[in-house]
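Peer 1: No letters, just coordinates:
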């Protein structure tokens, strides 16, 4: 029977970070991962990002139930089924989140997770390699495992986008991951020497080389609980079940979709729901699977007057040349995710910190790799950051291979519609500035004819897409909170020897892309698991717009 000091379910963003830190401390770790290798250019070449998230080999292939407020559309929910988890199939955008996101966590019951507490862990994990390009060196990590870099921004559309935002009255920010998130400037990427720098590359592979980490490929069916304590994991390996015993603890780090599923199959969750599926209740925790959140976004697309967009490379011959250059030199267009400019703004006066995010892309294209039919174009991905809508994840059966029942309940709060209309109108205003005049031919999506609230709502209902940032389904909070699943040390409430540490424990979604905060959770959880004193709190405070109460920009 296999044994380890610690058994981690999931070789994703947080799981890889924990394996690395536990091994670094001399502990023996078994990591259970259902997916396989990340070898090959489809994952490792940054520009190929649209491929792995649309391949059954690398993606669990989840989708939501028909969303009642989006006309019954089922939205896809890609989750990485490969070492590195979703960090091996995502867009490689690196955003820490805003300081006030984490202060909200602490205020809501996640004691010890305020910005002052988590900033030292962001610094510990980062290797910020572009200090010569400006930014905020004092706020950044210098020698951590995770390489953070910036793209070349050599397409003139990037400079025009940021200049147009300035002309519209917004500020620049040299480093949205530093003191000042609000504004427009360069976007950051988890890329190292032209290669995707996933959690597998940054953390897991170095951890495996220590000899203290074992990677077991199999399906984690459930946590084995004896006398109220987690003692191991039941794993299906090549059609045979086996138990991997944990001498100390079991840590679930399997994503905001799979982590609550594993807990529920183990008897931890809403008692009535578990009983309906014939599962013995070990701990009645109604918060398991609840509190599901995500970011929605819309692609505001424009046709280009000039043939300078990436569309000129959108053919098999050019793609082959780009792939060959990357394969032999690690350089060229293949070495960037092409998300090289960003923006964070506030939707209205009275909002104290940014609640809208922009990704700018010098081509009009979908995540599934389908380009706009009009040829040369460009787009801004825009969406609200703090939706009030909440969804849930539930079981469809006790079979570990049964599909999850996912309902995000997108746009169920009336405030979401107001926020999304603001996103569209503010974006149009930016692209109407003089800096964009040499490039904007006309609006492709949603289309300039759509102006009224009703028209925009119809376009939102039809075209809005997930940004693939699910979180919150095993909420962290105080032990007296009936909806909390884990306490502020990531321990599952009601079961000893069991923790959850990944994006599922977020009390509320953070600003921007979630890979960075998910890795931070793994970093900080490692110290809790090891019983180590937390890193010293930071005294750095973020920039807030001095007139946020009365001005939108």
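Peer 2: Arrived safely, thanks for sending. On a predicted model such as this, the values are computed, not experimentally measured, just so you know.

Peer 1: Can you mark which positions in the longest strand anywhere in the chain are buried?
Peer 2: In the chain, with assignment by DSSP state E, the single longest strand is strand 240-252. By 16 or more other C-beta atoms under 10 Å, the buried positions in strand 240-252 come out as 244, 246, 248-252. All C-beta spots, glycine's among them, are computed from the backbone N, C-alpha and C.

Peer 1: Run the chain-centre distance for it.
Peer 2: Distance, stretch centre to chain centre, for strand 240-252: 27 Å (C-alpha atoms, centre = their mean, to the nearest Å).

Peer 1: ok, now stretch 215-226?
Peer 2: Mean-position distance between stretch 215-226 and its chain equals 24 Å (C-alpha atoms, centre = their mean).

Peer 1: Buried residues in it, which are they?
Peer 2: 215-218, 220-225.

Peer 1: just checking, residue 419 touches residue 351?
Peer 2: No: using C-beta atoms under 8 Å, residue 419 makes no contact with residue 351, being 9.8 Å away.

Peer 1: These two: which has the busier surroundings?
Peer 2: More crowded of residue 419 and residue 351, by other C-beta atoms under 10 Å: residue 419, with 23 against 17.

Peer 1: Nearest spatial neighbour of that one, chain-adjacent residues omitted?
Peer 2: Leaving aside its chain neighbours, residue 419 sits nearest to residue 384 (4.0 Å; criterion: C-beta to C-beta, 6 or more residues apart in numbering).

Peer 1: circling back: which two from the buried residues of strand 240-252 end up farthest apart in space?
Peer 2: 248 and 252 (14.6 Å; C-beta to C-beta).

Peer 1: And the helices in the stretch 251-400 of the chain?
Peer 2: Applying DSSP state H, counting those that start in this stretch to the stretch 251-400 of the chain gives helices spanning 255-265, 271-276, 316-329.

Peer 1: next one: the stretch 401-550 of the chain
Peer 2: For the stretch 401-550 of the chain, applying DSSP H, counting those that start in this stretch gives helices covering 414-431, 453-463, 515-530.

Peer 1: any chance of those in TSV, plus distance to residue 315 and mean pLDDT?
Peer 2: As requested, the helices of the stretch 401-550 of the chain are arranged in TSV below (distance: least, C-beta to C-beta, whole Å; pLDDT from 0 to 100):
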stretch	distance to residue 315	mean pLDDT
helix 414-431	27	98
helix 453-463	26	98
helix 515-530	31	98
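
Peer 1: winner for burial among the ones you listed?
Peer 2: helix 515-530 (a mean of 26; mean count of other C-beta atoms under 10 Å).

Peer 1: can you state the direction angle for that helix and strand 240-252?
Peer 2: Interaxial angle, helix 515-530 versus strand 240-252 (axes from the mean of the first three to the mean of the last three C-alpha atoms, to 10 degrees): 90 degrees.

Peer 1: Next, the angle from helix 515-530 to helix 255-265.
Peer 2: For helix 515-530 against helix 255-265, the angle by the same axes, to 10 degrees is 40 degrees.

Peer 1: which helices and strands sit right next to helix 515-530?
Peer 2: Applying 3 or more C-beta pairs under 8 Å, 6 or more residues apart in numbering; DSSP states H and E, one finds that helix 515-530 makes contact with helix 13-24, helix 115-125, strand 240-252, strand 498-500.

Peer 1: centre of the chain versus that helix, how much separation?
Peer 2: Relative to its parent chain, helix 515-530 has a centroid offset of 14 Å by C-alpha atoms, centre = their mean.

Peer 1: Ok, stretch 467-474 next?
Peer 2: 8 Å.

Peer 1: switch to numbering from 41
Peer 2: Okay, using 41 as the starting number, the last item reads as stretch 507-514.

Peer 1: How far does that stretch stretch from one end to the other?
Peer 2: Stretch 507-514 stretches 20 Å from its first residue to its last (C-alpha to C-alpha, to the nearest Å).

Peer 1: what is the mean pLDDT for that stretch?
Peer 2: Stretch 507-514 shows a mean pLDDT of 98.

Peer 1: for stretch 320-329, same thing?
Peer 2: Mean pLDDT, stretch 320-329: 98.

Peer 1: quick revisit: in its sheet, what does the longest strand of the chain sit against?
Peer 2: In the sheet, strand 280-292 lines up against strand 42-49 (parallel), strand 269-277 (antiparallel), strand 538-540 (parallel) (DSSP bridges).

Peer 1: Could you list the buried residues of stretch 200-209?
Peer 2: Under the neighbour-count criterion of 16+ other C-beta under 10 Å, stretch 200-209 has 200-205, 208 buried.

Peer 1: on that earlier part again, the longest strand of the chain vs helix 53-64, what angle?
Peer 2: Using the same axes, to 10 degrees, the direction of strand 280-292 lies 90 degrees away from that of helix 53-64.

Peer 1: hmm, back to that, so which of the helices and strands packed on helix 555-570 gets nearest residue 579?
Peer 2: Closest to residue 579 of those is helix 155-165 (C-beta to C-beta; 7.2 Å).

Peer 1: Please state the offset of that closest one from the chain centre?
Peer 2: Using C-alpha atoms, centre = their mean, the mean C-alpha position of helix 155-165 is found 17 Å from that of the whole chain.

Peer 1: now stretch 368-388
Peer 2: Averaging C-alpha positions (C-alpha atoms, centre = their mean) puts stretch 368-388 16 Å from its chain's average.

Peer 1: which residues in the stretch 41-190 of the chain form strands?
Peer 2: For the stretch 41-190 of the chain, the strands defined by DSSP state E, counting those that start in this stretch cover 42-49, 69-73, 102-103, 116-117, 166-168, 186-190.

Peer 1: and those strands as a markdown table, adding distance to residue 324, mean neighbour count and mean pLDDT?
Peer 2: Listed next are the strands of the stretch 41-190 of the chain as a markdown table, based on distance: least, C-beta to C-beta, whole Å; neighbours: other C-beta atoms under 10 Å; pLDDT from 0 to 100:
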| stretch | distance to residue 324 | mean neighbour count | mean pLDDT |
| --- | --- | --- | --- |
| strand 42-49 | 22 | 23 | 97 |
| strand 69-73 | 26 | 26 | 98 |
| strand 102-103 | 26 | 17 | 98 |
| strand 116-117 | 27 | 20 | 97 |
| strand 166-168 | 40 | 23 | 94 |
| strand 186-190 | 38 | 23 | 95 |
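
Peer 1: Distance to residue 151 added to those, as CSV?
Peer 2: Output for the strands of the stretch 41-190 of the chain, formatted as CSV (distance: least, C-beta to C-beta, whole Å):
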stretch, distance to residue 151
strand 42-49, 24
strand 69-73, 27
strand 102-103, 32
strand 116-117, 31
strand 166-168, 25
strand 186-190, 26
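
Peer 1: Quick check: which of those strands is nearest to residue 577?
Peer 2: With C-beta to C-beta as the criterion, residue 577 lies closest to strand 166-168 of these, at 17.7 Å.

Peer 1: What lies in contact with the closest one?
Peer 2: The contact list for strand 166-168 (C-beta atoms under 8 Å, 6 or more residues apart in numbering) reads 175, 177, 180-188.

Peer 1: do that again at 7 Å, thanks
Peer 2: Outside strand 166-168, the residues that touch it by C-beta atoms under 7 Å, 6 or more residues apart in numbering are 180-188.

Peer 1: For those residues, work out which two are farthest apart.
Peer 2: The span of the contacts of strand 166-168, defined through C-beta to C-beta, is set by 180 and 185 at 14.2 Å.

Peer 1: For the closest residue to residue 567 other than its chain neighbours, grab the count of nearby residues.
Peer 2: Distances taken as C-beta to C-beta, 6+ apart place residue 574 nearest to residue 567, at 5.7 Å, with adjacent residues excluded. For residue 574, the neighbour count with other C-beta under 10 Å is 13.
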